[in-house]
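S.K.: Structure, please.
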Amino acid sequence: MKNKVIAIALALTTATWAVPFIGSAATVEELQAQINQLLQLITQLQAQLQTAQGGTTTATTACFTKNLSKGMSNPEVTTLQQVLKQDASIYPEGLVTGYFGSLTEAAVKKFQAKYGINQTGTVGPITRAKLNALYCVTPTTTPTTTATVTPTPTPIVNAYGTLSISKVPVNNPAYTYYAGGTYELFAGEFKATGSDITVRKIGIDITNNQNLFPWQVLSTISLWDGSTKLAELAVNQANLIEDSFAAKYILNVGGLNWVIPNGQKKTLTVKATLLPALSSSVMDKLDDTGAEFKIAMNNDIVYADTAGVVYTGLTAITSKNLSVNIATSTKESDAASFVVSTATDNPKAGNVIVSKTNTTPVTLLKFTVKNDSDVSATINKASTTITVNAAATGTAADIRNLVTAIELYDGSTRIQTKAPSFGTAVTS
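M.R.: Okay, here's the model as predicted:
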């Protein structure tokens, strides 16, 4: 052991004399370079001393975030030197000084050559990525052995539930139904108790008193949750189940999966759309009061709770029906009724001045027309009677020859114009 210490001391002495003399004329850069060389030499000697005393070098775990090049001094340069010296073929000097000098540059080139990287001698993105892949390893921490408490899972309780229904008014009630229209027939308030309830199927009964088939008058029946349409089925022979020929049919609306949360209420509205036109055979059966259809929810309602129990039958629903009077606009009961009255600005009786060479428009009459019925209507034809007073000029024929056309206006819009046709009678 004593011999090893003496050899190291001799090495230190030799190294000391090998350092160039620092004269007063040296620049700051030269002084810094000489200091760095001394630091590298000291570090190397310290490493040799540690080896001589039986010390071992441990692997270093390091991560790099910066580009490194010659002349730099920072902690990552120190880390770089620590990881490079682990391979003696790359960095045999093994100096860890924190200064990126010529020895470190040479070591970086050897590292780059070993891993097929362009030998620039600087640590750029590619070299840094390789260094991180090799040395930037997150250490594994052995957890402290403690008693593990396993939380007790909250059991999921499947609950049994009940469903109740009560009839409620619809938002837009109607009492007369016209071909092509869609109408709210009735609504039911569904309430879930004890569990969420999923309604899977609702049955609809359609009966009539005129020996008519439903598909001769109705187009579709739909179910609504507020503004959300849950289902819509065409009223046809394929979708209807015949209970009594031409008298009672059943429409089953399935696949709903309509959920009513526990303790909450939801309103289901049933709507019907009528055919846009009725056949002549149907119209022959309609009297002035129309055909009466009764559309109701029957007791064949299928629903389930969260316990998985499936229920059918709600006897209280059978009485929740609605009579629907289907009317057609061709009936007298649906004819429009108009009320005609003189307008407030109707011109008063008096003389008018006209041109002998050009036509002169003269307003003779202003009136208002009111549709005083529950149906929309279009006026296709109107007639106007002109009474000529012969006493005004002495010759009735002269007056008739002066009127060349009768024009009808809706405000400022001319609707129609027609030449008058005078009879032989003249009123005086």
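S.K.: show me what contacts the closest residue to Pro125 other than its chain neighbours?
M.R.: The spatial neighbour of Pro125 that comes closest, neighbours along the chain excluded (C-beta to C-beta, 6 or more residues apart in numbering), is Asn67 at 7.4 Å. C-betas here are computed from N, CA, C, even on glycine. When contacts are counted by C-beta atoms under 8 Å, 6 or more residues apart in numbering, Asn67 touches 122-125, 128.
S.K.: Let's see that with 10 Å instead.
M.R.: By C-beta atoms under 10 Å, 6 or more residues apart in numbering, the residues touching Asn67 are 76, 122-125, 127-128.
S.K.: Tell me the spacing between it and Ala231.
M.R.: From Asn67 across to Ala231, the span is 67 Å (C-beta to C-beta, to the nearest Å).
S.K.: Likewise for Gly188?
M.R.: 15 Å.
S.K.: of the two, who's got more company?
M.R.: Gly188 (20 against 15; other C-beta atoms under 10 Å).
S.K.: could you pull out the helices for the chain?
M.R.: Secondary structure of the chain (DSSP state H): helices at 2-18, 28-52, 75-84, 102-114, 125-135, 280-285, 396-402.
S.K.: and the ones you listed, which one's lowest on average pLDDT?
M.R.: Mean pLDDT per stretch puts helix 2-18 lowest among the helices of the chain, at a mean of 37.
S.K.: Poorly predicted segments of the stretch 151-300 of the chain, please.
M.R.: 151-157, 175-176, 280, 283-291 (pLDDT under 70).
S.K.: What residue, apart from its backbone neighbours, is nearest Ala174 spatially?
M.R.: Using C-beta to C-beta, 6+ apart, the closest residue to Ala174 is Tyr183 (4.8 Å).
S.K.: Correct me if wrong: the one you found contacts Tyr177.
M.R.: Yes. If you go by C-beta atoms under 10 Å, Tyr183 and Tyr177 touch, sitting 5.5 Å apart.
S.K.: So for the two, which residue has more residues nearby?
M.R.: Ranked by neighbour count (other C-beta under 10 Å), Tyr183 and Tyr177 place Tyr177 first, with 21 against 18.
S.K.: Next one: the more buried one relative to Leu275, how far apart?
M.R.: Taken as C-beta to C-beta, the span from Tyr177 to Leu275 is 11 Å.
S.K.: Double-check Arg414 against Leu408; I have them as touching.
M.R.: Yes. Contact criterion C-beta under 10 Å: Arg414 and Leu408 qualify, at 7.2 Å.
S.K.: Asp305: how many residues sit nearby?
M.R.: 22.
S.K.: isn't it right next to Val199, touching?
M.R.: No. Contact between Asp305 and Val199 fails when scored by C-beta under 10 Å: they sit 11.1 Å apart.
S.K.: what touches both of those two?
M.R.: Joint contacts of Asp305 and Val199 (C-beta under 10 Å, 6+ apart) are 163, 192.
S.K.: coming back round to it: would you turn the contacts of Asn67 into JSON lines with distance to Lys348 and neighbour count?
M.R.: Shown next, in JSON lines, are the contacts of Asn67 (distance: C-beta to C-beta, whole Å; neighbours: other C-beta atoms under 10 Å):
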{"residue": "Glu76", "distance to Lys348": "107", "neighbour count": "20"}
{"residue": "Thr122", "distance to Lys348": "108", "neighbour count": "17"}
{"residue": "Val123", "distance to Lys348": "107", "neighbour count": "24"}
{"residue": "Gly124", "distance to Lys348": "103", "neighbour count": "14"}
{"residue": "Pro125", "distance to Lys348": "99", "neighbour count": "8"}
{"residue": "Thr127", "distance to Lys348": "107", "neighbour count": "23"}
{"residue": "Arg128", "distance to Lys348": "103", "neighbour count": "20"}
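S.K.: Which two of those residues have the greatest separation?
M.R.: Glu76 and Pro125 (14.1 Å; C-beta to C-beta).
S.K.: still on that earlier bit, does the residue nearest to Ala174 have beta-bridge partners, and which?
M.R.: Per DSSP bridges, the residues bridged to Tyr183 are Ala272.
S.K.: next one: Val339
M.R.: Under the criterion used (DSSP bridges), Val339 bridges to Lys370.
S.K.: Distance-wise, check it relative to Phe367.
M.R.: Distance from Val339 to Phe367, counting by C-beta to C-beta: 10 Å.
S.K.: which stretches of the stretch 201-350 of the chain form strands?
M.R.: 218-225, 228-234, 240-244, 248-253, 258-260, 265-274, 291-297, 302-304, 310-312, 321-326, 338-342 (DSSP state E, counting those that start in this stretch).
S.K.: ok, now which ones touch Thr220?
M.R.: If you count contacts by C-beta under 10 Å, 6+ apart, then Thr220 has 182, 232-236, 239, 251, 271-275 around it.
S.K.: Looking at these, state which has the most neighbours.
M.R.: Ala272 (25 neighbours).
S.K.: Could you pull up the residues touching that one?
M.R.: Ala272 neighbours (C-beta under 10 Å, 6+ apart): 177, 181-185, 204, 206, 214, 217-222, 235, 293, 295, 322, 324, 326.
S.K.: Report how many residues lie close to Ala238.
M.R.: 7.
S.K.: In contact with Phe213, which residues?
M.R.: Neighbours of Phe213 in contact, by C-beta under 10 Å, 6+ apart: 206, 235-237, 240, 242, 245-247, 249, 282.
S.K.: redo that, cut-off 6 Å
M.R.: Ala246 (C-beta atoms under 6 Å, 6 or more residues apart in numbering).
S.K.: And for the one 3 residues further on?
M.R.: Contacts were defined as C-beta under 6 Å, 6+ apart; by that measure Gln216 touches Val282.
S.K.: Numbering from 642 from now on, please.
M.R.: Right, with 642 as the first residue, what we last looked at is Gln857.
S.K.: Roughly how far does it sit from Tyr818?
M.R.: 14 Å.
S.K.: so Lys1007 makes contact with Lys989?
M.R.: No. Lys1007 is beyond contact range of Lys989, at 11.2 Å (criterion: C-beta atoms under 6 Å).
S.K.: Settle it for me: which of these two has more neighbours?
M.R.: Lys1007 (12 against 4).
S.K.: what residues are up against the more buried one?
M.R.: Neighbour list for Lys1007: 984, 986-987 [criterion: C-beta under 6 Å, 6+ apart].
S.K.: Quick one: buried ones out of these?
M.R.: Burial by neighbour count, judged by 16 or more other C-beta atoms under 10 Å, picks out nothing from the contacts of Lys1007.
S.K.: can you list those in a markdown table and add distance to Val900 and pLDDT?
M.R.: Supplementary listing: those in a markdown table, determined by distance: C-beta to C-beta, whole Å; pLDDT from 0 to 100:
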| residue | distance to Val900 | pLDDT |
| --- | --- | --- |
| Ala984 | 60 | 80 |
| Asp986 | 62 | 85 |
| Asn987 | 64 | 83 |
